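Peer 1: sequence and predicted structure, then a few things I'm wondering about:
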Amino acid sequence: MLQLVINGAASGCIYGVIALGFVLIYKATEMINFAQGDLMMLGGFAAFSLIAGFGLNYWLGAFLAIMIMAVFGFLLDAVVLRRVIGQPQFAVVMLTLGLGFIFRAFAGITFGYGSVGFATPFTNKVENFAGMTIGQDSLSIIIGTV
């Protein structure tokens, strides 16, 4: 039972970080960014390309993917999103939905429409204690978000 609670807490932590991202973006810009998830997807594909494609170390690839997406996000904000400040909220919604479609199409054309994955330091590793088996991926999610 406690094992299910811990796995559920890991899922809850992911949803909490997503919600926090929406709130931070809205409070900082007063815009609702529906392309947030698609930007995260592009970050995942950037990490996939660096780690699985170029063979970089996991931690270096993850760090570089974060830096790449930070620069991309800054440029996207400066060049595209800032132009709709002061416009009706509907324009912002349509713009970010459109950007999301563009990002998904780019990822599909570039990487295909199937699932891709790469090994992390936490893949297929478990911790056993108190009669429970808990994946290191779940533990890393909980620790990383707390």
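Peer 2: Ah, there it is.
Peer 1: surely residue 66 meets residue 40?
Peer 2: No. Between residue 66 and residue 40 there is no contact under C-beta atoms under 8 Å: 11.1 Å. The C-beta positions use only the backbone N, C-alpha and C, and glycine is treated the same way.
Peer 1: could you pull out the helices for this structure?
Peer 2: 2-29, 36-48, 58-79, 89-111, 136-145 (DSSP state H).
Peer 1: okay, domains of the protein per the record?
Peer 2: Per the record, the chain has its domains at 1-30+125-146, 34-114, by automatic domain parsing.
Peer 1: winner for burial among those domains?
Peer 2: A comparison of the domains of the chain by mean neighbour count, using mean count of other C-beta atoms under 10 Å, puts domain 34-114 on top with a mean of 15.
Peer 1: could you give me the average pLDDT of that one?
Peer 2: Domain 34-114 shows a mean pLDDT of 95.
Peer 1: distance from the chain centre to that domain, please.
Peer 2: Chain-centre distance of domain 34-114: 9 Å, with C-alpha atoms, centre = their mean, to the nearest Å.
Peer 1: what's the distance between residue 98 and residue 81?
Peer 2: Remark: distance between residue 98 and residue 81 (C-beta to C-beta, to the nearest Å) = 12 Å.
Peer 1: do the same with residue 27
Peer 2: In terms of C-beta to C-beta, residue 27 sits 15 Å off from residue 81.
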